[in-house]
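Novice: Predicted model and sequence follow; I will ask about them next.
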Amino acid sequence: MSKNKLYFNKFSIVAIAIIIFSSCASRKDVVYFQDTGNFETLVNDNTFISKFKVDDLVSIHVSSLNPEASGPFNLFRGSSEGGFRAEQIDYLVDQAGEIDFPVIGKLKIEGLSPEELRLLLRERLSDYLKDPIINIRLRNFSVTVLGEVLRPGTYPVNGEQITLLEALGLAGDLTLRGVRNNVLVIRDFNGTKVYTRVDLTSKDITKSPVYYLTQNDVVYVEPNKSGIKETSLDARASIYVSIASVLITSTVLLLTQRN
C-alpha cells in the first residue's frame with residue numbers, strides 16, 4: 001500500500017470519528033423530565049380556565065322546552081326551507097370585548113370563562129325563558145408551533161384547553177436539534193405580547209403559567225449550536241456551489257471559444 005493511500009485512509013477514519021462524536025447529543029440535551037424519580041407521584045395544582053379575548057369567535061346556542069320562545073335568541077344564516085339546513089351565526093368579540101346578543105343587546109364577555117358567560121346569560125334570559133340550556137364553544141381556538149419541530153404550523157384545538165406538551169405532540173415533537181430547556185411561548189393580551197420561557201427537561205414545567213396554552217399562543221423551539229452551525233454550513237455550501245457553477249460555465253465558454 002502506498003504512503004499516500006495510507007495517509008488517505010487514516011485521514012478518512014479520523015474525519016469520520018470527528019463527525020460522529022461532534023454530532024452526538026448528550027442525555028441532558030435530549031431527555032424530558034430528567035428530575036423525576038421512579039414511581040414519583042406529582043399532584044398538578046396548576047388550574048387552568050380559558051377566558052374569552054378580543055377577536056374570539058364564539059358559538060352560543062340557546063334552547064329550552066319551548067323552542068318558539070328560545071328561537072329569537074339564536075341567529076341563523078339562510079333558510080331551512082327546501083331541505084337546506086340554516087347555518088347558525090357565531091359571535092365575534094369586538095375591540096371593546098363585547099358581543100351583540102339578540103334581544104339582550106351588548107354583553108361584555110372579555111375576560112369571562114365559558115361557565116361565567118353561561119351564568120350571565122342565564123341571568124339575563126330569566127325574564128324570557130325558563131331553565132334555558134346554553135351551549136358555548138370557542139370556534140377559533142388554535143396554537144402555532146414553530147422552529148425545530150417535525151411539522152411546524154398552526155393547529156386547531158378541539159375543546160377548551162391544550163397543554164404545551166400536547167401542542168408539541170401535534171407538531172411531531174422536537175427534532176434532536178431543538179433546545180429543550182429554553183422553549184419560548186408568546187402570548188397576546190389585548191395587543192401586549194408576553195414572552196415566557198420553559199424548561200422541558202424539568203418536571204416543574206407543569207407549574208408554568210404557560211403549561212396550558214390559550215388561543216393564538218405561539219410556541220417557538222430554537223435550534224441548538226449544531227443546528228445553527230449546520231444552517232450556516234448549508235448556506236456556505238450553497239454559495240460555494242454557485243461560485244463553482246459560475247467558474248465551470250466560464251471555463252467551458254472559454255474552451256469553446258478557443259476551439
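Specialist: Right, received. Where do you want to start? Note that the structure is predicted; figures quoted are calculated from it, not measured. Residues are numbered from 1 along each chain as shown.

Novice: show me where the stretch 1-150 of the chain has helices.
Specialist: Applying DSSP state H, counting those that start in this stretch to the stretch 1-150 of the chain gives helices spanning 3-23, 27-30, 67-70, 114-125.

Novice: For those helices, which has the smallest mean pLDDT value?
Specialist: Mean pLDDT is lowest for helix 3-23 among the helices of the stretch 1-150 of the chain, at a mean of 51.

Novice: For L121, the count of nearby residues, please.
Specialist: Neighbours of L121 under the rule other Cβ atoms under 10 Å: 21. Every residue, glycine included, has its C-beta placed from N, CA and C.

Novice: my guess is it meets S70, correct?
Specialist: No. Applying Cβ atoms under 8 Å as the test, L121 and S70 come out as separate, 11.6 Å apart.

Novice: which neighbours do the two share?
Specialist: 62, 132 (Cβ atoms under 8 Å, 6 or more residues apart in numbering).

Novice: can you map out the helices along the stretch 151-259 of the chain?
Specialist: Ranges of helices within the stretch 151-259 of the chain are 164-170, 225-258, based on DSSP H, counting those that start in this stretch.

Novice: Could you list every helix and strand in contact with the shortest one?
Specialist: Right, the one you point to is helix 164-170. Counting contacts by 3 or more Cβ pairs under 8 Å, 6 or more residues apart in numbering; DSSP states H and E, helix 164-170 is packed against strand 142-147, strand 212-213, strand 218-221.

Novice: So which of the ones you listed is nearest T154?
Specialist: The closest of the helices and strands packed on helix 164-170 to T154 is strand 142-147. By Cβ to Cβ, the value is 4.5 Å.

Novice: what is the rounded mean pLDDT of the closest one?
Specialist: On average, strand 142-147 scores 96.

Novice: If you count neighbours, what's buried in it?
Specialist: Residues of strand 142-147 classed as buried by neighbour count (16 or more other Cβ atoms under 10 Å): 142-147.

Novice: Out of the residues you listed, flag the one nearest to Y212.
Specialist: Checking the buried residues of strand 142-147 one by one against Y212 (Cβ to Cβ), the nearest turns out to be V143, at 10.8 Å.
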